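Peer 1: What follows is a protein structure lacking sequence information:
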């Protein structure tokens, strides 16, 4: 089956992504979401996706971060607990725009199956990587299952509408109470 036109990119021939109706979603649980505006930090993107109804549907999330540019790399990975949710994410978000971005020139999201599929495969892929072990926690992958996840990455993403200043004051107050 033909997967799309061939084109040249940086001197190499590459296959163009399949058209929406040609993607095989059978048994796919991990998606790659492309064209994420660089202004998003991992927590911001999680908050927006959770507000759109995805909270509790995924067990792995990762928005790669470029430490030199101090911005995300424009794509993220999500692994859904149920294969039907990966295709539902494609239907809901492919072609959509996020709330924040670079003005009228904002790109539309593209949702495709990721190369690495499944929670366990993503865990194994990142378990010994520098991204998991040497970068700041807010820039690394988030594993949301309690089984087998590295302890530092076992966490529920904090999705909240409380302003950052209020959360910081609350955290400072809590740490002052604990030190007394």
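Peer 2: Ah, there it is. Note that the structure is predicted; figures quoted are calculated from it, not measured.
Peer 1: so what does whichever strand or helix holds residue 47 touch, helix or strand wise?
Peer 2: Secondary structure assigned from DSSP states H and E places residue 47 in helix 42-49. Where contact means 3 or more CB pairs under 8 Å, 6 or more residues apart in numbering; DSSP states H and E, helix 42-49 is packed against strand 58-62, strand 75-80. The C-beta positions use only the backbone N, C-alpha and C, and glycine is treated the same way.
Peer 1: Can you say which of those is nearest to residue 138?
Peer 2: strand 58-62 (11.6 Å; CB to CB).
Peer 1: Report how many residues lie close to residue 128.
Peer 2: Residues near residue 128, counting by other CB atoms under 10 Å, number 9.
Peer 1: likewise the one 3 residues further on?
Peer 2: As a burial measure, the neighbour count of residue 131 was computed by other CB under 10 Å and equals 14.
Peer 1: Could you measure from it over to residue 99?
Peer 2: For residue 131, the distance to residue 99 equals 27 Å [CB to CB, to the nearest Å].
Peer 1: go on, residue 57?
Peer 2: 19 Å.
Peer 1: quick one: which of the two has more around it?
Peer 2: A direct count of neighbours by other CB under 10 Å for residue 57 and residue 99 places residue 57 higher, at 17 against 12.
Peer 1: The residue nearest to residue 145 when sequence neighbours are not counted: what's it in contact with?
Peer 2: Nearest non-adjacent residue to residue 145, counting by CB to CB, 6 or more residues apart in numbering: residue 59, 5.1 Å away. Neighbouring residues of residue 59 by CB atoms under 8 Å, 6 or more residues apart in numbering: 79, 80, 81, 119, 143, 144, 145.
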